[in-house]
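Here is the input, now give the coordinates:
(chains A and B)
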Amino acid sequence: MSEKVIELKGSVLSLTVLHLHSADINETKAALARKIEQAPSFFVGIPIILEPKIEISDPTFLALLVEYLHQLQMIPIGLRSQDPMIQSQANFAGLAIFPEDTRRPTTKEKKDEQSADKQGAEEPQNYAPVVLDEGGLKSALVIERAVRSGQQVYAKDRDLIILGSVNPGAEIIADGNITVFGKMQGKAIAGSSGEMEAKIFAKQLDPELVCIAGVYQLADDIAEEFKGNGLVEVKLQQEQLVINHI
Amino acid sequence: MSRVIVVTSGKGGVGKTTTSASISTALALKGNKVAVIDFDVGLRNLDLIMGVERRVVYDFVNVVQGEATLKQALIKDKRVEGLYILAASQTRDKDALTLEGVEKVIEELKADGFDYIICDSPAGIEKGAQLALYFADEAIVVTNPEVSSVRDSDRILGILQAKSRRAEKGEDPVVEHLVLTRYNPSRVNAGEMLSHDDVIDLLSIKLLGVVPESQEVLNASNSGEPVVLNDNSDAAQAYLDIVERFLGEEKEHRFLTEEKKGFLNKLFGKK
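Have a look, this model is predicted:
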């Protein structure tokens, strides 16, 4: 398999959003300066999304603010607003446009508002992170019934355990290991994101195809002694699939 | 409480319509009010097997499209009390059916007090078959003991688990039953057919019954009489067993082993 050069992937990130409550650039700058004085190192290099809470008529407002944020070593990356006027400013300033936040304010936000500096920019808020892939324990996906012809099961970033059979024409895919307790007669693809340590375990192996990290074997290439004949392990060794009784 | 039962298979020619006709007739013989709907628009067969093809004035598509009322289209069976047939249209295609239209017909049948609504599915896994199974509470999967039929049944079971209304609404899953038709024990022994154990093993659903391969099924179809009405035939016995098991009776499975020909049978050459 050729090595990947690029790969596009969706991801949910936690970002800081700067709410703007003043259309006066000087007032905003002053408020920002005061805020940063409290913890100068905290703000260095952080990506910022701008979200105006009031109408901004000054056509240079956004450009000046972006410039100022850069001076403070923050990295403004985008804008969240529905206002077409401010959106066109964002285009000129090289900012991405994010859809408007539709969530209701949380209690934390309300509390922040009470303590916040009323004039000028509010303190940058850290939204509760909605990060999915934080690592740590991710238990296996367990399917308790048969996987039938035409059905596909994908265990993303985790192991896959099938308690029933995998029938001919079915496909089971996991980024981790695969274990099948019934008959394994469909296609099994372990380590589908390239994990070379992934393994396939099956009590009755008679698959259409087994594949680990892109290296595959078809039914005909699998020695008869392993087919439907007790617990076997399929693993990758020196870019070759190896099947063993265990 | 009305129960909607789909008779389906994926593969064509395995005996769906024969099974629909016999099961609905037997359910009616047991005193239930039964409607059997032919979903195979464009290739209608059910009315032939039920022997009502000359009595079709309005059909399922007419009702779905609001051109006739359900009462006008339902054909009352002359042999069995409480049995009604809704024929498919021969002149339209499957696009003439809509989900809303089918739902309306089924709801109306339920409101009319039908105990069982049998949906005779067309072959395949496309729109017609999906419409037939969408409203089902129970499914009777008809399979022949050979690999391609079993494979297709496996596929349709997957679709039942994913695309039925019960699945979409997260309700209790559709109850699945297996009917194995054209079963020939001597060919199983000769290794020419899959055994019932092999089929059950692969599909992992409960066996409702085995219908032996029989000339009587063909004769019955040709004469427009559901085979279940021919009391002496093995196939009729098999379908009666199936319906009794479906209604909750415990009955031992028959027709699984090769029949030993008795002395008299040999003498008189009876099959």
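
can you count the residues close to residue 43?
Looking at chain A here, since you left the chain open. Residues near residue A:43, counting by other C-beta atoms under 10 Å in any protein chain shown, number 18. For every residue, glycine as well, the C-beta is placed using N, CA and C.

right idea, wrong chain: chain B
Counted with other C-beta under 10 Å, the burial measure for residue B:43 works out to 15 neighbours.

What of residue B:193?
Using other C-beta under 10 Å as the criterion, residue B:193 is surrounded by 22 other residues.

Grab the nearest non-local neighbour of the closest residue to chain B within chain A.
Nearest residue of chain A to chain B, counting by C-beta to the nearest C-beta: residue A:148, 3.6 Å away. In space, residue A:148 comes closest to residue B:158 once its chain neighbours are excluded; the distance is 3.6 Å by C-beta to C-beta, 6 or more residues apart in numbering or on different chains.

pLDDT score for residue A:59?
Looking at residue A:59, its pLDDT stands at 80.

Figure out how far stretch B:193-208 is from the centre of its chain.
Chain-centre distance of stretch B:193-208: 18 Å, with C-alpha atoms, centre = their mean, to the nearest Å.

Which residues does that stretch contact?
Here stretch B:193-208 makes contact (C-beta atoms under 8 Å, 6 or more residues apart in numbering or on different chains) with A:146, A:164-165, A:167, A:183, B:140-141, B:143, B:145-147, B:150, B:153-154, B:157, B:176-180, B:183-184, B:187-188, B:210, B:242, B:245-246, B:253, B:256.

can you tell me which of the residues you listed are in strands?
Counting by DSSP state E, the contacts of stretch B:193-208 place A:183, B:140-141, B:143, B:176-180, B:183, B:210 in strands.

follow-up on the earlier one: I'd like to know which of the contacts of stretch B:193-208 are buried.
A:146, A:164-165, A:167, A:183, B:140-141, B:143, B:145-146, B:150, B:153-154, B:157, B:176-180, B:183-184, B:187-188, B:210, B:242, B:245-246, B:256 (16 or more other C-beta atoms under 10 Å in any protein chain shown).

So which bits of chain B are right by chain A?
B:125, B:151-152, B:154-155, B:157-159, B:161-162, B:201-202, B:204 (C-beta under 8 Å from any C-beta of the partner chain).

and the closest residue to chain A within the stretch 151-271 of chain B, how far is that from residue B:164?
In the stretch 151-271 of chain B, the residue found nearest to chain A is residue B:158; the distance is 3.6 Å by C-beta to the nearest C-beta. In this structure, residue B:158 and residue B:164 are 11 Å apart, going by C-beta to C-beta, to the nearest Å.

Check residue A:197 too.
For residue A:197, the distance to residue B:164 equals 40 Å [C-beta to C-beta].

The helix or strand residue A:179 falls within: how far from the chain's middle?
Residue A:179 is part of strand A:178-184 when elements are defined by DSSP states H and E. Between the centre of strand A:178-184 and the centre of its host chain there is 29 Å, according to C-alpha atoms, centre = their mean.

Ok, stretch B:117-129 next?
Averaged over its C-alpha atoms, stretch B:117-129 has a centre that lies 10 Å from its chain's centre (C-alpha atoms, centre = their mean).

Same question for it: list its buried residues.
Of the residues in stretch B:117-129, those buried (16+ other C-beta under 10 Å) are B:117-125, B:128-129.

returning to that earlier point: more neighbours, residue A:197 and residue B:164?
When residue A:197 is set against residue B:164 and neighbours are counted by other C-beta under 10 Å, the residue ahead is residue B:164, at 21 against 12.

Next, count neighbours for the residue nearest to residue A:148.
Neighbouring residues of residue B:158 were enumerated by other C-beta under 10 Å; the total is 22.

wait, isn't residue A:44 in contact with residue A:73?
Yes: between residue A:44 and residue A:73 there is a contact at 4.7 Å, judged by C-beta atoms under 8 Å.

where does chain A have its least confident helix or strand?
Of all the helices and strands that make up chain A, the one with the lowest confidence by mean pLDDT, DSSP states H and E is strand A:125-126; it has a mean of 38.

and after that one, which helix or strand comes next?
In the C-terminal direction, the helix or strand that comes right after strand A:125-126 (DSSP H and E) is strand A:141-143.

neighbouring contacts of that following strand?
Counting by C-beta under 8 Å, 6+ apart, strand A:141-143 makes contact with A:153, A:155, A:158-164, A:174, all of which sit outside it.

What's the mean pLDDT across that strand?
Averaged across strand A:141-143, the pLDDT comes to 93.

what are the pairing partners of that strand, and which direction each?
Each strand pairing with strand A:141-143, determined using DSSP bridges, is listed with its direction: strand A:160-162 (parallel).

Packing partners of the lengthiest helix in chain A?
Of all segments of type helix in chain A, defined using DSSP state H, the longest is helix A:25-38. Helix A:25-38 is packed against helix A:61-71, with contacts defined by 3 or more C-beta pairs under 8 Å, 6 or more residues apart in numbering or on different chains; DSSP states H and E.

relative to helix A:61-71, how tilted is the helix or strand just after the helix it packs on?
Going down the chain from helix A:61-71, the next helix or strand is strand A:75-80, by DSSP H and E. Going by axes from the mean of the first three to the mean of the last three C-alpha atoms, to 10 degrees, strand A:75-80 is angled at 150 degrees with respect to helix A:61-71.

What residue, apart from its backbone neighbours, is nearest residue 152 spatially?
Went with chain A since none was named. In space, and not counting its chain neighbours, residue A:152 is closest to residue A:171: 4.5 Å by C-beta to C-beta, 6+ apart.

The intended chain is chain B.
Skipping the residues right next to it in sequence, residue B:152 comes nearest to residue B:10 by C-beta to C-beta, 6+ apart, at 3.0 Å.

any idea which element that neighbour lies in?
Of the helices and strands defined by DSSP H and E, none includes residue B:10.

Find me the pLDDT at it, would you?
In the predicted model, residue B:10 carries a pLDDT score of 89.

all helices of chain B, in order?
B:16-29, B:46-49, B:60-64, B:70-73, B:99-111, B:127-134, B:147-163, B:165-168, B:185-189, B:196-203, B:215-223, B:234-246, B:263-268.

most packed of those?
Comparing those by mean neighbour count (mean count of other C-beta atoms under 10 Å in any protein chain shown), helix B:16-29 ranks first with a mean of 27.

and chain A, which of its residues are near chain B?
Counting by C-beta under 8 Å from any C-beta, the positions of chain A adjacent to chain B are A:146, A:148-151, A:164-165, A:167-170, A:183.

Could you export the residues you listed as a markdown table, including pLDDT?
Listed next are the residues of chain A next to chain B as a markdown table, based on pLDDT from 0 to 100:
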| residue | pLDDT |
| --- | --- |
| A:146 | 91 |
| A:148 | 93 |
| A:149 | 90 |
| A:150 | 88 |
| A:151 | 90 |
| A:164 | 93 |
| A:165 | 94 |
| A:167 | 93 |
| A:168 | 91 |
| A:169 | 90 |
| A:170 | 93 |
| A:183 | 93 |
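
Between which two of those residues is the distance greatest?
The largest distance within the residues of chain A next to chain B, taken as C-beta to C-beta, falls between A:150 and A:183 and amounts to 16.9 Å.

picking up where we left off before, next, format the helices of chain B as TSV and append mean pLDDT.
Rendered in TSV, the data for the helices of chain B read as follows (pLDDT from 0 to 100):
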stretch	mean pLDDT
helix B:16-29	96
helix B:46-49	92
helix B:60-64	93
helix B:70-73	94
helix B:99-111	95
helix B:127-134	94
helix B:147-163	94
helix B:165-168	94
helix B:185-189	92
helix B:196-203	93
helix B:215-223	88
helix B:234-246	95
helix B:263-268	58
